[in-house]
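J.: dropping a prediction and its sequence here:
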Amino acid sequence: MKAIVVNKLGSLEDIKLQEVNDPICLKDGVVIDVKACAVNFADSLMVEGIYQVKPDLPFSPGLEICGRISCIGEDVKGWSVGDKVQALTNWGGYAEKVTCPAKVLIKVPNEMPETHAAAFVIAYSTAHVALAVRGRLQKDEWLLVTGAGGGVGLTAVEIGKLMGAKVIAAASTDEKLAIAKSKGADYVINYEKENLTDALKKITGGRGADLVFDPVGGDIFEQAFRGTAPEGRIMIIGFAGGRLPDIKANYLLVKNIELIGFYWGIYKNYKNEILKQSAKTLFKWYAEGKISPHIGAVYDLKDTAKAISLLKERKSIGKIIVKI
């Protein structure tokens with residue numbers, strides 16, 4: 001089969017499309033013929049060797065796929081060859097075939113496009129669990145979403161609006177903000193044109209945000225931090241901006257601000273039932289037409305490095321998909 005292969009850690013320029021052996025179907029797993037793989041920021045970190053998960057070399061990145069089962073292990077029950085599934089594979093998704101444990105499979109409705117299914121779980125479940133479980137978002141609260149043009153940011157805008165919040169979307173271009181507006185944002189802030197803190201205070205009548213959802217970090221986090229309401233909550237989702245923010249502990253104290261870390265992946269082994277319930281809710285909302293992924297770009301397998309670079313450079317809008 002063909003696969004994108006990382007032979008040495010470091011640069012996206014070094015990943016290559018190669019012929020490799022087909023995966024082996026394990027007793028408790030399946031082999032999936034991959035149709036689409038979503039691009040995630042973790043892919044870039046994994047290629048560089050700085051992600052939490054570090055597979056042995058050589059490996060194929062790609063951790064969020066949709067495809068059809070082509071082989072079933074002898075201990076696997078409840079699945080059939082030809083079933084359309086979504087899976088989180090840890091790595092290996094940028095390939096024509098991938099093997100994974102049957103326990104991570106999610107059945108995908110035949111009418112759901114493969115690009116949507118591949119783009120669905122990580123972004124939407126990250127936003128859903130972060131807002132509903134860790135962030136405790138309440139109806140009519142002010143929700144600020146930074147990086148609102150990205151895959152996770154856009155889903156946070158959608159879900160925050162579904163939960164009844166007053167949603168403020170902040171991003172670096174008017175194009176990204178237009179998409180966020182179409183996904184339900186009540187207000188938008190272009191933080192390349194205006195100071196985020198000042199704009200946030202103006203929109204909220206001086207109060208600030210009750211909850212901040214921040215996948216950007218750096219200067220944007222620090223401006224959002226200063227615009228958080230008394231007794232507000234600010235969530236660290238990631239550092240797409242490339243710099244870890246400086247957090248002033250005394251500022252937490254004087255405004256009774258709650259700082260919340262959120263890493264979605266921990267729930268896979270820690271409280272997996274939360275992820276299962278989230279997926280059930282999200283697929284129901286999708287079927288009802290309440291949420292739908294925004295696919296910003298689709299690339300061929302041979303152009304995987306370009307697809308990952310687009311996300312790494314923060315030039316993407318919504319989710320990027322590699323079609324196999």
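T.: Happy to help now that I have it. Bear in mind that the values here come from a model prediction, so they are computed numbers and not experimental data. Numbering: from 1, shown residues only.

J.: compute the distance between the residue nearest the centre of the chain and Gly238, please.
T.: Central residue of the chain (C-alpha atoms, centre = their mean): Ala123, 3.1 Å from the mean position. Computed with C-beta to C-beta, to the nearest Å, the distance linking Ala123 and Gly238 is 12 Å. C-betas here are computed from N, CA, C, even on glycine.

J.: again, but for Glu19
T.: From Glu19 to Gly238 the distance is 34 Å (C-beta to C-beta).

J.: now Gln223
T.: 17 Å.

J.: Asp140 too?
T.: Taking C-beta to C-beta, one finds Asp140 at 27 Å from Gly238.

J.: so for these two, which residue has more residues nearby?
T.: Ranked by neighbour count (other C-beta atoms under 10 Å), Asp140 and Gly238 place Gly238 first, with 19 against 8.

J.: the more buried one reaches Phe213, doesn't it?
T.: No - if you go by C-beta atoms under 8 Å, Gly238 and Phe213 don't touch, sitting 10.5 Å apart.

J.: which ones are touching Ile274?
T.: Val129, Val133, Tyr267 (C-beta atoms under 8 Å, 6 or more residues apart in numbering).

J.: kindly export the helix or strand where the residue nearest to the centre of the chain lies (C-alpha atoms) in CSV.
T.: Under the criterion of DSSP states H and E, Ala123 resides in helix 114-129. C-alpha atoms of helix 114-129 as CSV (Å, rounded to 0.1, in the frame of the first residue of the first chain):
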residue,chain,number,x,y,z
GLU,A,114,-16.4,10.7,4.6
THR,A,115,-14.8,14.2,4.8
HIS,A,116,-17.3,15.1,7.5
ALA,A,117,-16.9,11.9,9.4
ALA,A,118,-13.1,12.2,9.4
ALA,A,119,-13.3,15.8,10.6
PHE,A,120,-15.9,15.3,13.2
VAL,A,121,-14.9,13.7,16.5
ILE,A,122,-11.7,15.4,17.8
ALA,A,123,-12.8,19.0,17.0
TYR,A,124,-16.4,18.7,18.0
SER,A,125,-15.7,16.5,21.1
THR,A,126,-12.9,18.8,22.2
ALA,A,127,-15.2,21.8,22.1
HIS,A,128,-18.2,19.9,23.6
VAL,A,129,-16.4,18.3,26.5
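
J.: so which elements touch it?
T.: strand 29-38, strand 64-72, strand 84-88, helix 151-162, helix 272-287, strand 295-300, strand 319-323 (3 or more C-beta pairs under 8 Å, 6 or more residues apart in numbering; DSSP states H and E).

J.: extract the C-alpha trace of the longest one and format it as CSV.
T.: The C-alpha coordinates for helix 272-287 follow below in CSV (Å, rounded to 0.1, in the frame of the first residue of the first chain):
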residue,chain,number,x,y,z
ASN,A,272,-13.7,7.2,28.4
GLU,A,273,-17.5,7.2,29.1
ILE,A,274,-17.4,11.0,28.8
LEU,A,275,-16.1,10.7,25.3
LYS,A,276,-18.7,8.1,24.4
GLN,A,277,-21.5,10.2,25.7
SER,A,278,-20.1,13.2,23.9
ALA,A,279,-19.9,11.3,20.6
LYS,A,280,-23.5,10.1,21.0
THR,A,281,-24.7,13.7,21.6
LEU,A,282,-22.7,15.1,18.7
PHE,A,283,-23.8,12.6,16.1
LYS,A,284,-27.4,13.2,17.2
TRP,A,285,-26.9,17.0,16.7
TYR,A,286,-25.4,16.3,13.3
ALA,A,287,-28.3,14.1,12.2
